[in-house]
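J.: Predicted coordinates and the sequence they were generated for:
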Amino acid sequence: MASKAYPVATAAAADWRDFLALTKPRVLTLVVFTGLCGLLAAPQSIHPVLGFTAVLCIALGAGAAGALNQWYEADLDAMMARTANRPLPAGRMERQSALHFGVGLGIFSVLLMGLALNLLAAAILAVSILFYVVVYTVWLKRRTPQNIVIGGAAGAFPALIGWAAATGRVETLPVLLFALVFLWTPPHFWALALFINSDYARAGVPMLPAVAGQRATRIQILLYTVPMVAAAVAPWAMGLTGAIYGIGASLLSAVFLLLAAQVGFSRETDPARMKAERRLFGFSILYLFLIFGLVVADKVLA
């Protein structure tokens, strides 16, 4: 696959906004929120300063992974309309600067987590960064349409890290939350891929719609939604959460399943007219925010 050339940055082109953009702030919002919820839902409370430090480390680690992802994928970003204005393909930053920024941020986040909180949280944070950069970005994304399935584990770590930062151990509830995000990732990203498939195809990224076709992708969205719903209600069924979470998660998951079914049975092929896919993608983001918010609300209000 031929790579599109992108502008070479001048030494003084990048400013703080470009470094912030490297961290993928929109993605960071959900990562930080799920990490915070994992920390707050833990049975042990920690000093607010330590709690802030833990969430900061999660944010810095995720930002480092985002920066290294953009460093490695600058050629792909240059070929996709939605990413062409990122600092590297737009020529506002040198690749070496992005690499140094990402590596430095990642090392600092892991060291600070280990020194301020505990080694288990630091180790899981390090694994999450390496998983996203090495397993997903370098190994999977350009090679297999299952990139999102396996790579989804990278985005599932924050709740686990938050819980481990507070308790120093891993227990059943954060593992179920990990499974929930892991299973949520394919329907979320494949819904997006259905209506921006031309972007991925132009860059040569083997997303499922481009490789297996829209029909297979729709079926897979529905198939992954079913175990995701099971993972969402499992904490209530296992007695790990109360009725506040259980009823809320059940209702939200029913809506998700309905939207996924609409996508699964849709025959629409024109991306501009894919309303069901856009609804599922938009709701999936809200869904995760609300589900994790319910975990904390259930603990506080129960």
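T.: Good, I have the coordinates.
J.: Report the buried residues of the strand or helix carrying residue 289.
T.: If you go by DSSP states H and E, residue 289 is part of helix 275-301. Buried residues in helix 275-301, counted by 16 or more other C-beta atoms under 10 Å: 276-278, 280-281, 283-284, 287-288, 291-292, 294-299. (Each C-beta comes from the backbone N, C-alpha and C, glycine too.)
J.: For residue 112, which non-adjacent residue is closest in space?
T.: The shortest distance from residue 112 to any non-neighbouring residue, by C-beta to C-beta, 6 or more residues apart in numbering, is to residue 57 (5.3 Å).
J.: Beyond the helix or strand where that neighbour lies, next helix or strand please.
T.: In this structure, residue 57 sits in helix 48-72 according to DSSP H and E. For helix 48-72, the succeeding helix or strand toward the C-terminus, using DSSP H and E, is helix 74-79.
J.: ok so, going back, what about the residue nearest to residue 112, how many neighbours?
T.: Neighbour count of residue 57, defined by other C-beta atoms under 10 Å: 27.
J.: who's in contact with it?
T.: Residues in contact with residue 57 (C-beta atoms under 8 Å, 6 or more residues apart in numbering) are 109-110, 112-113, 116-117, 121-122, 125, 165.
J.: related to what we said a few turns ago, how far off centre is the helix holding residue 57?
T.: 13 Å (C-alpha atoms, centre = their mean, to the nearest Å).
J.: repeat for stretch 33-45
T.: On C-alpha atoms, centre = their mean, the centre of stretch 33-45 falls 18 Å from the chain's centre.
J.: Buried residues, it. List them.
T.: Result for stretch 33-45 [16+ other C-beta under 10 Å]: buried residues 33-42.
J.: Quick one: the helices in the stretch 201-302 of the chain, in order.
T.: Applying DSSP state H, counting those that start in this stretch to the stretch 201-302 of the chain gives helices spanning 208-212, 214-237, 243-264, 275-301.
J.: Let me know which of these is the nearest to residue 181.
T.: Nearest to residue 181, of all these, is helix 275-301, at 7.0 Å by C-beta to C-beta.
J.: got the angle for the closest one vs helix 243-264?
T.: Put simply, helix 275-301 runs at 170 degrees to helix 243-264, going by axes from the mean of the first three to the mean of the last three C-alpha atoms, to 10 degrees.
J.: what helices or strands is helix 275-301 leaning on?
T.: helix 25-41, helix 172-195, helix 214-237, helix 243-264 (3 or more C-beta pairs under 8 Å, 6 or more residues apart in numbering; DSSP states H and E).
J.: which of those helices is buried the deepest?
T.: helix 172-195 (a mean of 23; mean count of other C-beta atoms under 10 Å).
J.: what's the spacing between residue 19 and residue 111?
T.: With distances taken as C-beta to C-beta, to the nearest Å, residue 19 is found 20 Å from residue 111.
J.: Same question for residue 31.
T.: Counting by C-beta to C-beta - residue 31 and residue 111 are separated by 19 Å.
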